[in-house]
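Participant: Model the structure of this input:
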Amino acid sequence: MTEKGGQVMIKHANIAIASTGYSMGWTAPINSKLTDPVNSPLGRPATTDEIAWMGSLLNIGAIFGPFLGGFAASKIGRKWGLMSSAIPLFIAWIMVAVASNMPILYAARIIWGIAVGMLFTISPMYCAEIATDDSRGALGSFLQAFITLGFLLVYGIGPFISYHVVAYVGLVFVAVFAVAFFFMPESPTYYLLKDDREGAAECLGVIRGRSRNGVEAELNLIASDVAASMERTATIGDVFRGSNFKAFYISCTLVFFQQFSGINAVLFYMTDIFKASGTSLNPDIATIIIGAVQVVSSFITPLVVDRLGRRILMLISSCGTAIGAGLLGMFFLLDHNDSPVVESISFLPVLSLVLFIVTYCWGLGPLPWAIISELFPIEVKAVASPIATALCWILSFLVTYFFPSISNSIGMHVGFFIFGVCCVGSFFFSLLVLPETKGKSFQEIQIMLGGGQKPEKA
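Facilitator: Below is the predicted model of the structure:
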């Protein structure tokens with residue numbers, strides 16, 4: 001079973017991630033239903049300001065979710081921490097299904113965000129701890145791939161079914177995850193942290209598809225790392241010391257560039273972008289095309305990341321997103337200035353978005369999460385990862401809330417030019433600062449971050 005077994009388990013875990021993609025992409029087809037003056041499920045059309053708040057509030061919940069997720073992962077385990085994320089997902093979908101006013105939708109979006117924050121904290125941790133060193137990047141990259149599956153599903157069915165059926169599908173999605181993941185094993189690292197070597201051996205045997213003797217050597221290596229980590233108790237202060245701080249600022253910088261590439265502004269307001277471009281292509285159909293492109297491109301990264309490495313994919317991704325954002329900015333600048341050229345290049349937004357999203361899915365989307373799960377030692381991970389994840393969603397809130405305001409006041413082109421500049425910054429950060437973790441064990445990564453020195457014991 002080995003790597004294949006790990007892939008099966010991670011795919012089961014990432015059904016929940018696909019569900020969050022469905023939740024995050026929900027605004028794209030639903031905004032037009034809520035603003036419909038005749039058929040709005042609220043009994044009245046939602047205002048532009050209400051739509052902007054609804055698109056942003058998921059990020060508020062996601063700021064707090066990582067701390068709840070980190071606590072759950074430490075206290076009840078990675079598996080049950082992931083399982084517990086189904087509770088807020090269920091609650092939020094029920095609220096969406098019965099919503100009769102905007103405050104209920106606001107609350108549902110915040111509760112969704114809590115689940116998203118939990119999953120984005122625990123899922124990379126679980127993936128990293130059950131993967132082998134030479135498959136960790138591939139298995140960690142599935143997070144982005146499954147998000148895009150969720151996006152594609154809601155893009156594909158949302159425009160053509162009723163508001164309430166979209167919510168019922170969301171409920172079914174969460175139920176499938178809860179049932180499928182119930183039968184998955186716990187992370188062996190968690191068992192070792194609880195001083196249960198037999199439990200760790202049993203679940204590692206299930207993951208690798210081997211006998212107890214067949215996993216003993218790997219179990220000894222994991223136990224050695226865990227034993228070293230248990231000699232130290234990490235606090236928030238430890239995050240800002242030595243190699244931990246280097247891992248922390250790399251992680252925070254990666255999530256900054258991920259969010260300020262502009263991806264969430266593009267995804268949350270994709271239909272509106274197509275309408276603003278004046279393209280003859282139906283915006284709903286264009287959104288489905290983009291969703292399909294996301295899925296295909298996202299499943300490329302797991303196939304190549306452990307061969308090419310993290311850095312080269314981040315360089316390609318940053319370059320491609322910079323060009324895509326720049327072209328979008330140029331198009332909307334011409335449109336803002338009423339240039340006669342606009343009509344003849346109405347294809348450019350679709351082309352630019354395809355380039356942007358394809359290259360984003362190759363690097364800036366999946367790799368920050370995979371790299372964050374690799375950089376921190378075990379005892380620091382539960383403290384540092386929630387902080388980096390919360391920062392991600394703070395930045396996402398800023399982007400999704402202020403992008404429409406910038407677009408309406410000074411032009412959509414300004415936002416895309418800002419995103420393009422940030423993508424250029426990501427390119428140089430990846431080139432000059434980002435360490436290559438391909439094929440390295442957790443201990444080797446810590447030695448590399450420490451400048452070739454083994455990390456000191458606290």
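
Participant: Can you pull out the low-pLDDT segments for the stretch 201-350 of the chain?
Facilitator: Within the stretch 201-350 of the chain, the ranges that satisfy pLDDT under 70 run 228-234, 268-269, 271-273, 276-280.

Participant: Contact partners for C392?
Facilitator: C392 is in contact with 62, 120, 255, 258-259, 368, counting by CB atoms under 8 Å, 6 or more residues apart in numbering. For the C-beta atoms, the positions are set from N, CA and C on the backbone; glycine is no exception.

Participant: My error: substitute T48 in the last question.
Facilitator: P404.

Participant: again, only this time at 10 Å
Facilitator: Shown in contact with T48 (CB atoms under 10 Å, 6 or more residues apart in numbering): 31, 35, 404, 408.

Participant: Could you verify my assumption that A73 touches I378?
Facilitator: No. Between A73 and I378 there is no contact under CB atoms under 10 Å: 11.4 Å.

Participant: related to what we said a few turns ago, which of the contacts of T48 count as buried?
Facilitator: 31, 35, 404 (16 or more other CB atoms under 10 Å).

Participant: Secondary structure, pLDDT and distance to L432 for those residues - can I get that in CSV?
Facilitator: Shown next, in CSV, are the buried ones among the contacts of T48 (DSSP: H, G, I helix; E, B strand; the rest coil; pLDDT from 0 to 100; distance: CB to CB, whole Å):
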residue, secondary structure, pLDDT, distance to L432
N31, helix, 87, 40
T35, coil, 90, 45
P404, helix, 74, 34
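
Participant: and which of the residues you listed is nearest M95?
Facilitator: For the buried ones among the contacts of T48, the minimum distance to M95 (CB to CB) is 17.7 Å, reached by N31.

Participant: Looking at the closest residue to that closest one other than its chain neighbours now. What's its pLDDT?
Facilitator: Nearest non-adjacent residue to N31, counting by CB to CB, 6 or more residues apart in numbering: I51, 5.4 Å away. We have a pLDDT of 85 for I51.

Participant: Was I right to think I51 contacts S40?
Facilitator: No. Contact criterion CB under 10 Å: I51 and S40 do not qualify, at 11.4 Å.

Participant: Let me know how buried R310 is, in neighbour terms.
Facilitator: Neighbour count of R310, defined by other CB atoms under 10 Å: 26.

Participant: Ok, E198 next?
Facilitator: 9.

Participant: Between the two ends of stretch 275-294, what distance do you get?
Facilitator: Taking CA to CA, to the nearest Å, stretch 275-294 runs 20 Å from one end to the other.

Participant: Got phi/psi on the closest residue to W80 other than its chain neighbours?
Facilitator: Leaving aside its chain neighbours, W80 sits nearest to A72 (7.2 Å; criterion: CB to CB, 6+ apart). Dihedral pair for A72: phi -60, psi -40, per degrees, to the nearest 10.

Participant: Please identify which of A73 and I378 sits among more neighbours.
Facilitator: A73 (27 against 21).

Participant: check contacts around the nearest residue to the more buried one once chain neighbours are set aside.
Facilitator: Using CB to CB, 6+ apart and skipping residues adjacent in sequence, the residue nearest A73 is G81, 4.3 Å away. Going by CB under 10 Å, 6+ apart, G81 touches 68-75, 118-119, 121-123, 125-126, 186-187, 190.

Participant: Could you list which of those belong to strands?
Facilitator: With DSSP state E as the criterion, strands contain none of the contacts of G81.

Participant: List buried members of those by neighbour count.
Facilitator: Going by neighbour count (16+ other CB under 10 Å), these have 68-70, 72-73, 118-119, 121-123, 125-126, 186-187, 190 buried.
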